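Student: coords please:
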Amino acid sequence: MRHTGFDSVQIDADARTLGASVTHRLRLAITRGELMPGQPLGQEDLAQRFGVSRVPIRDSLKQLAAEGLVDLAPYRGAVVAQLSLDELDELYGIIWSLEALCVEKAVPLLGVAELARMAALIDEMEREARPSEWYALSVSFHSLILVAAGRSRCVRIVDECRHNVGRYLIERDFFATQVPAWRARNRKLFEACRRRDTAAAIKALDVMRTLSTGQIREHLKATQRRRPAR
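Tutor: Prediction:
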């Protein structure tokens, strides 16, 4: 195994899994805020950090560009993508539309095991104070509803969208001020699911769509003022 320069995370040296390992680690570095929006991603520098050739780095950057996490520009190379307000609106439009669609189908189908797992995640979110770890728990919580609806394609799409916007949610100061409300909104959604109250679950999602998206929009605007686009 080869070690990277990012938190000593290991990269699998097997050629069959090398590309996937590099892509996974780069994705984590972006979504956890280790690599910031607008930051250049030099292939040579990344290859040295990961202890690999430039080939898997180049392939990984192309994959992450397809996911919206990296911008590839002629003569400028790769940089960590910065979301515009229009892009944020588009991503959240996808998230909330697909989740509402799945909630309507999933709530009546949730079994004892699914509800127990949701309850455990809610409890973990109450205790977790680290932004990245909390957000991962929240994504898992919402994914359980999508899975219960039997919509595997929705799971993939929503997870990709959530990972893209999540890197703005986990900025420490913003997270600290907002997480109490996010915890309460997730718990409200869980309680509606536990009661098998589809209408209440959809209403809880609508509150998230209106309040959480508005707050994150304002945060992104402030971030853009502090960090002009390259």
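Student: how is this protein divided into domains?
Tutor: Domains of the chain are assigned by automatic domain parsing as 2-80, 85-226.
Student: chain center to the shortest one, what's the gap?
Tutor: For domain 2-80, the gap between its own C-alpha mean and the chain's C-alpha mean amounts to 17 Å (C-alpha atoms, centre = their mean, to the nearest Å).
Student: related to what we said a few turns ago, tabulate the domains of the chain in TSV, adding columns for mean neighbour count.
Tutor: Yep, even glycine has a C-beta here, placed from its N, CA and C like the rest. Supplementary listing: these in TSV, determined by neighbours: other C-beta atoms under 10 Å:
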stretch	mean neighbour count
domain 2-80	17
domain 85-226	17
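Student: as a markdown table, those domains with mean pLDDT would be great.
Tutor: Formatted as a markdown table, the domains of the chain follow (pLDDT from 0 to 100):
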| stretch | mean pLDDT |
| --- | --- |
| domain 2-80 | 80 |
| domain 85-226 | 94 |
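Student: measure the residue nearest to the spatial centre of the chain to Asp206 for me?
Tutor: Nearest to the geometric centre of the chain sits His163, at 1.8 Å (C-alpha atoms, centre = their mean). The gap separating His163 from Asp206 is 23 Å, by C-beta to C-beta, to the nearest Å.
Student: ok, Ala200 next?
Tutor: 10 Å.
Student: same check on Val107?
Tutor: Per C-beta to C-beta, Val107 is found 14 Å from Asp206.
Student: what do you get for Val112?
Tutor: Per C-beta to C-beta, Val112 is found 27 Å from Asp206.
Student: relative to its centre, which residue of the protein is most distant?
Tutor: Distance to the chain centre peaks in the chain at Tyr75, reaching 29.2 Å (criterion: C-alpha atoms, centre = their mean).
Student: make sure that one is indeed in a strand.
Tutor: No: read with DSSP: H, G, I helix; E, B strand; the rest coil, Tyr75 is coil and lies in no strand.
Student: these two touch, right, Ala29 and Gln39?
Tutor: No: counting by C-beta atoms under 8 Å, Gln39 is not a contact partner of Ala29; they are 9.8 Å apart.
Student: give me the common contacts of those two.
Tutor: Residues touching both Ala29 and Gln39 (C-beta atoms under 8 Å, 6 or more residues apart in numbering): none.
Student: so which residues of this structure form strands?
Tutor: In the chain, the strands defined using DSSP state E lie at 2-3, 10-11, 70-73, 77-80.
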